[in-house]
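Peer 1: What follows is a predicted structure for the sequence shown.
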Amino acid sequence: MGNPIVLGVDTGGTFTDVIALENGTLTGFKLSSTPPNFEAAVLEGARTLSRSAQHTLLHSTTVATNALLERKGAKTALITSAGFRDVLEIGRQNRPCLYDLFPRRAPGLVPGHLRFELPERVAADGSVLTPLDLSTLPDIIQTLREHRVESVAVLFLFSFLRPDHERTLGAALEAEGFSVSLSSEILPEFREVERGSTTLVNAYVAPAMGRYLSRLKQGPASRLHIVQSNRGCMTPERAAREAVHTLLSGPAAGVVGAMTVARAGRHNLNLITFDMGGTSTDVALIKEQPVITTRHTLGGFPVGVPMVDVHTVGAGGGSIASVDAGGALRVGPESAGAAPGPACYGRGDQPTVTDAHVALGHLRPEAFLQGRMTLHPERAREALARLGQAMGGLPAEESARDVLRLANLHMESAIRVISVQRGHDPKDFTLVGFGGAGGLHSFSLAEALGMTRVLIPAHPGVLSALGCVAMPLSFETAQTVMWRWEDNTPGQLTALLRELQADLFARCADDNIATDSLTVSVTLAMRYAGQSHELDIPGDGDPGGLLERFHETHRQHFGHCAPDEPVELVTVRLRAETPPPQIRLPGLPERAPEDPPLSVKNGCVRREEIRRGDTLKGPLILTEDFSTHLIPAGWTVTPDAVGNLLGTREDPA
Amino acid sequence: MTARATDLAVYHHMYQSIADEMGAGLARTAYSPNIKERRDFSCALFDAEGRLLAQAAHIPVHLGAMPRSVEAARRAFPALNPGDVVMLNDPFEGGTHLPDITLVSPVFHQNQCIGHTATRAHHADVGGMTPGSLPNSRSIYQEGLRIPPVRLVRGGETDDDLLRIVCANSRNPAERLGDMRAQLHAHHLGETRWHEMIRRYGQPALLQAHDELFDYAESCMRAALRELPEGRWTAEDAIENQAGDGVQARIRAELVLTNGTASLDFTATDNAVPGSLNAVRAITEAAVAYVFLCWMCKDNPADPPPVNAGCLRPLNIHTRPGSLIDARAPSAVAGGNVETSQRIVDVVIALLAQAAPGRFPAQSQGTMNNITFGGTGADGQGFAYYETLAGGSGAGPGRPGASAIQCHMTNTLNTPVEALEFAYPLRIRELAVRPNSGGKGKSPGGDGMIREWEALVPMDVTFLTERRFLAPAGTQGGGNALPGKQTLLRDGKTLPLPAKGTVSLHPGDRVRLETPGGGGHGPCS
């Protein structure tokens, strides 16, 4: 008997990536996704790779994300404290675009006639001002039934301090057969708009997730875990209830996959990941661990659960280039998508970023997608020549170069958002480019950002699936407390942490996870009293040094600190996780003395011909099955033991 | 030789991203809820001559008025040195109203001034008659600390004496200090990034591109103006009196559109008023610029063409010194920035709507509903809490108005209920869309909003609100919206509250503010 087989499956819109890990041996491949029944490809991949039923399946899924972004979630109602039924519609009351004669918001998830109020009110100190009055609940339930409402979100003010009103109502609704999401369970933190919006999004996507998972559970896997947005997995039962935690399941898997191959190659784990696809690009920052944020917005809705801080821009290989009324070039946000696709695919005639690469010879017809698709370079050049005409008579090659410059500018801005705007200098990081178009841009982007290291990851086609199998199971909880530090916070904190950890372990036990193997980490959100934004301070160990750590972190982030000002502890977060799976990646063979040297044809190298000990110098085009990498002059690329390729250049500064 | 189209796009995005990063830095490091939570600040870049190069998408009334701040700083200090930062808030020397403190600093390259960075932030209290410094004053001397252009930083050395004066005049000195530091931090970020950009592209190329960036933006504005017919139109609207039951003064304007230019003559506007609704000329310029920028961005508001000094070249504005919208010292001006600016927008939209019926919205709520609570909390500390409230936006053909949304000259966020109740001795009793307050119509106007506060300790509340009597109007047969109103709920009785003024509250008193809706468009079928 060998080790149990672990399968990782990442479902994307186009492809489902599958890998199996058994005794350190990695097998992987891509399947076409099977929307809308995504489970078909997942189950097919699992059957193909697993000879026995005894396997664990770790899965990242876009089911919840699609339900939200395509507005195909459950019919949902909202019940709030009396006086606050519109609180999520009003949100923060700002308009999305500054100069807009007809401002509009994204339509909400719950129409006005499905928002209800119940008399109840808890004060900021947790005391009950108005007890919960359920006398109108039967009428509400009747209305819910008349409108065939499936799911209900409950948002009571200050419920994170005193959840019993929400729990009483939740039990009553569940008894009537509704899917229920309580704000005090989904996100027990202050700020009603963020907590309420997160809870409502959960209510909206959870039923779809539940149905999907129940279909998936009919498959052969003996254990199934779902990837959360925060670099951990959860059980399918929890994922069905708390589906909001899976909204960035896929991007989180990609980020963890990139980190996993970098770690296996013994690289420094200060990484910026750059995942460029056909219509959009995801970027994220890893500083030993992926940066986590609780301030994400998805589809226009704030979502406050911890997620990998992935920033997405609507620019990718399919982004269309055009000239605007004033004569300036634009790239995106419109995309040619898969149909008609870039001009070079032979159907459309609008120039895209991909066409610019074809026109400049970066993408070669003979090597494109393993020859599965015929490229029409002449159509790309024609489209770019037309664009050049509109820019005052530029030849096709020049307009292609302009398109790439501008596309790079959008990518560069995206990376600046997650680095510079968060106080990190990109120069201290290695850029990891992947996705269909990542390798075409990563080196030039690195140059623009002053970065001197680029990593072309091993196993790029199944990186997200690899990320799935590298994730531990994780459990999180949080509690807003709003304590003044001088009011015996360290003493109270010890007791609270004990309590929260007991809750967390009870949840683990519910999921049949042995608690003795868990590692618990604590994060404290702290601020100066009167400030409105908190800093996350690692809270492990002695509470005595916390205050100093807060002042110091404040100084680092904001350039100043005020040790004499009173400090507040706002929110306490706990995370428990199982030991991280140990992943051994297959090694890259050495080039034996009898082997012929690496062959470069027309400035092109095939990746599978690279062996340990090889050194590649740009300019060079590196091709592999699903992507192409452009290595400019000045860069040296060497493989590591597991097949990552590290590009370096002399620091120009 | 001309900079190529793509170079222009690149430079525009780079300058824009510098302004964005300054804004992110300011929000990140600011201290007060007013700046961090409500985002009541703006950042912009100017060239060596003080022409707007790029701005972050912040607050229109700030952005349109900041060129005057840079001009005033340069006039006061013709020979600024590297490391200098000029501070000002004087409405009659580059500012608009006293709470908005503006910093301007030169950026040097090889001993030459090549541009300026500027930040403007609404400081929650700069002294004056009432907490929050938006009083119902009768002269500038009642409104708080007045700062003409002064050098807050000289050659990199901050003048702590000046900061002490600013702090000593505020009801919350620690907050002032934290927010001023955040503004200085944003300037530091802006300068660093600007230098990086120079290293990357070379100053000669950038400098050459400036004129073309202005020309390009001008061509975008002219193209938008040419979509309008040529002609001459007049319009007027009014501001209300203290009690909110009558007209106090009228704004009258004439628009001439010809050959891709727009000329606006406001000289027939009434004289400045005794109260605080007077606007300095910078506000009038900001309001006019806002409407025309909306028109320029109409086809793609999410990704608009560059907004810089070039856009404003085809606009000519004539005002009469001493009038309501070109007020001179010592007029009181606290409300001109927040209220009269909205009325100027209404007048400009009314002019353009005659030129292009159906292309402009009916009137939006037309006020910022300024409300400030101040007093002493249970902990003995003074507090001042300021809020502006959203309302309904005006409808257009096939485009219903939006409800409870910030309109026109502001776009600040609200203070979340739970954050507010943790911080201040107040309790929110209701926060809701105000039903049936938008104007009826084929496309209905957006609804206003209701917010009700309960005082938990004795405190004062100050109102500075408009559209309590003159309802936001519908267009082309659409109905008017409901005007706003505020009431006091005390001991089971409902009492009226003034549109403008200060009232003392007892514990348990409730203030209920209902904001105006937006006008409807077209007759109901």
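Peer 2: That came through fine.
Peer 1: okay, and for the stretch 401-550 of chain A, where does confidence drop off?
Peer 2: Applying pLDDT under 70 to the stretch 401-550 of chain A flags residues A:541.
Peer 1: Touching, residue B:354 and residue B:233? I think so.
Peer 2: Yes - if you go by Cβ atoms under 8 Å, residue B:354 and residue B:233 touch, sitting 4.4 Å apart. Just so you know, the C-beta spots here come from the backbone N, C-alpha and C atoms, and that holds for glycine as well.
Peer 1: can you give me how far whatever helix or strand residue A:440 lives in is from the chain middle?
Peer 2: Taking DSSP states H and E as the definition, one finds residue A:440 inside helix A:438-448. Averaging C-alpha coordinates over helix A:438-448 and over its chain gives two centres that are 21 Å apart (Cα atoms, centre = their mean, to the nearest Å).
Peer 1: As PDB, could you dump the C-alpha coordinates of that helix?
Peer 2: Presented in PDB, the C-alpha positions along helix A:438-448 are these (Å, rounded to 0.1, in the frame of the first residue of the first chain):
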ATOM      1  CA  GLY A 438       1.700  35.900 -18.500                       C
ATOM      2  CA  GLY A 439       5.100  34.900 -19.900                       C
ATOM      3  CA  LEU A 440       4.700  37.300 -22.900                       C
ATOM      4  CA  HIS A 441       4.700  40.300 -20.500                       C
ATOM      5  CA  SER A 442       6.400  39.400 -17.300                       C
ATOM      6  CA  PHE A 443      10.000  40.300 -18.200                       C
ATOM      7  CA  SER A 444       9.100  43.700 -19.700                       C
ATOM      8  CA  LEU A 445       6.900  44.400 -16.700                       C
ATOM      9  CA  ALA A 446       9.700  43.500 -14.400                       C
ATOM     10  CA  GLU A 447      12.000  45.900 -16.200                       C
ATOM     11  CA  ALA A 448       9.300  48.700 -16.000                       C
END
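Peer 1: what's the neighbour count on residue A:125?
Peer 2: Each residue near residue A:125 was counted by other Cβ atoms under 10 Å in any protein chain shown, and the total is 11.
Peer 1: go on, residue A:37?
Peer 2: Burial of residue A:37 is recorded as 12 neighbouring residues (other Cβ under 10 Å).
Peer 1: give me every residue that touches the residue of the stretch 101-250 of chain B found nearest chain A.
Peer 2: Among the residues of the stretch 101-250 of chain B, residue B:220 lies closest to chain A, at 4.4 Å counting by Cβ to the nearest Cβ. Applying Cβ atoms under 8 Å, 6 or more residues apart in numbering or on different chains to residue B:220 gives the contacts A:325, A:326, B:296, B:305, B:306, B:311.
Peer 1: Show me these that map onto strands.
Peer 2: By the criterion of DSSP state E, membership of these in strands covers no residue at all.
Peer 1: tell me the average confidence for stretch B:102-115?
Peer 2: When the per-residue pLDDT values of stretch B:102-115 are averaged, the result is 97.
Peer 1: Same question for stretch A:238-253.
Peer 2: This predicted structure assigns stretch A:238-253 an average pLDDT of 95.
Peer 1: Output it as CSV, restricted to C-alpha atoms.
Peer 2: Coordinates of each C-alpha in stretch A:238-253 appear next as CSV, following Å, rounded to 0.1, in the frame of the first residue of the first chain:
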residue,chain,number,x,y,z
ARG,A,238,-19.0,24.1,5.7
ALA,A,239,-18.4,25.3,2.1
ALA,A,240,-22.1,24.8,1.4
ARG,A,241,-23.1,26.9,4.4
GLU,A,242,-20.4,29.5,4.1
ALA,A,243,-19.9,29.7,0.4
VAL,A,244,-18.8,33.3,0.6
HIS,A,245,-15.4,31.9,1.7
THR,A,246,-14.9,30.4,-1.8
LEU,A,247,-15.3,33.5,-3.9
LEU,A,248,-11.6,33.7,-4.7
SER,A,249,-11.0,29.9,-4.5
GLY,A,250,-9.3,29.8,-7.9
PRO,A,251,-7.1,32.8,-7.6
ALA,A,252,-6.0,31.6,-4.1
ALA,A,253,-5.1,28.2,-5.5
